[in-house]
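Q: Model the structure of this input:
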Amino acid sequence: MPTTVRIGCASAFWGDTSTAAAQLVEGGQLDYLVFDYLAEITMSIMAGARMKDPQGGFASDFIDVLTPLLPQLSEQKIRVISNAGGINPHACASALQAACDKAGVELKIAVLLGDDLQPQFKRLSGITEMFSGAPLPPMCVSTNAYLGAPGIVEALRLGADIVITGRVVDSAVVSAALVHEFGWSWHDYDKLAQAALAGHIIECGAQCTGGNFTDWRDVPDYEHIGFPIVEVSADGQFIVSKPEGSGGLVTPLTVGEQMLYEIGDPQAYLLPDVICDFTEVKLQQQGKNVVHVHGAKGLPPTDKYKVSATYPDGFRCTASCLIAGIDAVDKARRVSQAIIDKTAQMFSQRGWAPYSETHIELLGSEATYGPHGQRRDSREVVIKIAVRHSSKQALVLFSREIAQAATGMAPGLTGIVGGRPTVYPLIRLFSFLIDKSACTLQVDLAGARHPCALPSLAALDSKDLPIAQQPPKPQGRADASVALVKLAVARSGDKGNHSNIGVLPRKPEYLPWIAEALTPAVIVDWMSHVLDPIHGRVERWYLPGTDSLNFLLENALGGGGVASLRIDPQGKAFAQQLLEIQIPVPQSIAEQLD
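A: This next block holds a predicted model:
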């Protein structure tokens, strides 16, 4: 058994930089190289790709990035785990095998099967959406369960050098390597929780090494930013670092932002192999660009898998153009509404249904800030009009009418982006829970199918459930106020149609004042312009180990992913908006921050 295992993550999403893998292979001294490609929005995109091409539906970037590194992977005995298979893992494996054959490199490639429930879709019954309660659509183009680590562990046990999966939880590509190397029991939940945390922290690549960090001015050398490495011990504790000499920054705040990223309840982060409690996690600087992480706790998992299905829901089209000059914002507002009104009348004259949804954003006027926007005097803005309709024909008409605005409406309209807008099928996400027994896990290695049994489930004892703690109350009188950004860093992300905002104080003593000010009701008011007026709500949790807060904004993304017509369908800018809110504090704290 090794003393430690070093794992580097070279991809955070489909389309991430092609430079990370080489950086990690050449300078990371790795045991494993992992790639995470599958966001919920990616599954929708891949479903659309497979509709056009039966050999599509996987992350082709994976093949392009890995091909030149195949000899080094073989020489250094670095094993690779990736969910690049998307909704077509066999096609992904075939493409990689062809690359290995051409390079003359012999590597054993395994494919994990079992997440694809599309073949049994017609037999699914009694299914409702896990958030809205809506019934399962009559037709879906993909239906994939979020598998855990056991199938990947079995592939590694069988001797695979490269494991390609379809839909697995993001952290499984890391936790599987650790379970395999250290021989951990599937009932050793604290270690599994630490493994899941290690995977969660590095699954988004450079987002824990200075990317997407609130204090972006403090991050050196974006051009050569280092991608993350976790070095994990047999007891589950680990350090986060990056290759020597690379750019970026690794501190408790950069790692902490990522820990809070895209989670809900930090006491019950639900995964197929373990329920994680991150509330007592400690982040400690152990050296330059080295952070030590420990304190995650685990509980037995449920007997359910989360499933993401995608289904067609009409069509969408987005048009963008620049309008410049005097009173640009007012001109843009009038022109964009005129285009919508004109085309809506044309639909009516033809006997067509009205738009299913329209969304206008004037980029450059601080449109994403809603009522908190401050710019009304910009002399150039980008008009972004996104529309949805059940008929492709209707949106083709819309796309043809955009250009007329350049000569028949207000002056200064130019720069129609990309020419005539394209009409796309709208693929919507539908999430539900299903018994794990519905998925038959198999490992395909060299054409042979190997069954994979799931570990037995342990009963969850209710007395083991953590008791939610409340943040401490502030002591003293607040007679001043400062922007939240002076007191904390923050990061936001998406989970389907929900968004989270994690807030991490710069000093523990700031936490009581932040918590006193940022109640769920305050967040609802501050972010009301993004929350669904009927189904929008906000929950808050406290993590005493890092003195931090996590907020979940339910139904805040206009449908989320490719279903949303917004410029920010994943809530990436929500934290930036919240960081400007004023927090009442004592004058003594305000003076420290001047």
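
Q: so where do the strands sit in the stretch 351-500 of the chain?
A: 357-363, 380-389, 413-414, 423-435, 442-445, 448-451, 480-483, 488-495, 498-505 (DSSP state E, counting those that start in this stretch).

Q: Figure out which of the ones you listed is closest to residue 197.
A: Of all the strands of the stretch 351-500 of the chain, it is strand 498-505 that lies closest to residue 197, at 14.0 Å by Cβ to Cβ. (C-beta placed from N, C-alpha, C; glycine too.)

Q: Against which helices or strands is the closest one packed?
A: helix 252-260, strand 488-495, helix 511-517, strand 548-554, helix 574-578 (3 or more Cβ pairs under 8 Å, 6 or more residues apart in numbering; DSSP states H and E).

Q: which residues are contacting the longest one?
A: With contact meaning Cβ atoms under 8 Å, 6 or more residues apart in numbering, helix 252-260 is reached by 197, 200-201, 204, 207-210, 212-215, 240, 266, 278, 281, 283-285, 291, 293, 489-491, 500, 502-504, 506, 543, 546, 548, 550.

Q: Tell me which entries of these lie within helices.
A: 197, 200, 201 (DSSP state H).

Q: wouldn't the second one be in contact with residue 169 here?
A: Looking back up the chat, that one is residue 200. No - in this structure residue 200 lies outside contact range of residue 169 using Cβ atoms under 8 Å: 9.2 Å.

Q: just to revisit the earlier point, so can I have TSV of the ones in helices among the contacts of helix 252-260 showing distance to residue 367, pLDDT and neighbour count?
A: What follows is the ones in helices among the contacts of helix 252-260, written out as TSV (distance: Cβ to Cβ, whole Å; pLDDT from 0 to 100; neighbours: other Cβ atoms under 10 Å):
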residue	distance to residue 367	pLDDT	neighbour count
197	36	98	26
200	32	98	26
201	33	98	28
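
Q: and which of these is nearest residue 76?
A: residue 201 (23.6 Å).

Q: Could I get the contacting residues of that closest one?
A: Here residue 201 is in contact with 208, 228, 230, 240, 255, 258, 259, 293 (Cβ under 8 Å, 6+ apart).

Q: By neighbour count, sort out the buried ones in the residues you listed.
A: Among those, those buried by neighbour count (16 or more other Cβ atoms under 10 Å) are 208, 228, 230, 240, 255, 258, 259, 293.

Q: Assign a three-state SS to the third one, would you?
A: Classification of residue 230 using DSSP: H, G, I helix; E, B strand; the rest coil returns strand.

Q: quick thing: my sequence starts at 26, can you match it?
A: Yep, numbering from 26; the last one is residue 255 now.

Q: okay but it is in contact with residue 49, surely?
A: No - using Cβ under 8 Å, residue 255 is not in contact with residue 49, being 11.7 Å away.

Q: Show me whatever sits in contact with both of those two.
A: Contact criterion Cβ under 8 Å, 6+ apart; no residue bridges residue 255 and residue 49 by contacting each.

Q: Could you report the neighbour count for residue 157?
A: 12 (other Cβ atoms under 10 Å).

Q: State the helix or strand in which residue 340 lies.
A: Taking DSSP states H and E as the criterion, the element that holds residue 340 is strand 329-349.

Q: Pull up the pairing partners for that strand, direction included.
A: Partners of strand 329-349 in the sheet, by DSSP bridges, are strand 167-170 (antiparallel), strand 405-414 (antiparallel), strand 438-439 (antiparallel), strand 448-460 (antiparallel).

Q: For residue 272, which of those is the nearest?
A: strand 405-414 (30.7 Å).

Q: what inclination does that closest one have with respect to strand 382-388?
A: Using axes from the mean of the first three to the mean of the last three Cα atoms, to 10 degrees, the direction of strand 405-414 lies 170 degrees away from that of strand 382-388.

Q: CA-only coordinates of strand 405-414 in CSV, if you can.
A: Extracted C-alpha coordinates of strand 405-414, given in CSV (Å, rounded to 0.1, in the frame of the first residue of the first chain):
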residue,chain,number,x,y,z
GLU,A,405,-22.8,51.7,-26.2
VAL,A,406,-24.7,48.5,-25.2
VAL,A,407,-25.2,45.1,-26.7
ILE,A,408,-28.8,44.1,-27.2
LYS,A,409,-29.3,40.5,-26.4
ILE,A,410,-32.7,39.1,-27.3
ALA,A,411,-33.4,35.4,-26.5
VAL,A,412,-36.7,33.8,-27.5
ARG,A,413,-38.3,30.4,-27.2
HIS,A,414,-41.1,28.9,-29.3
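
Q: can you list contacts of that strand?
A: 339-350, 353-354, 357, 360-361, 364-365, 378, 380-390, 420, 423, 427, 438, 442, 451, 590-592.

Q: What of stretch 534-546?
A: 496-500, 503, 509, 512-513, 528, 530, 562-565, 567, 572-574, 576, 603, 606, 608-611, 614.

Q: Thanks a lot, see you next time.
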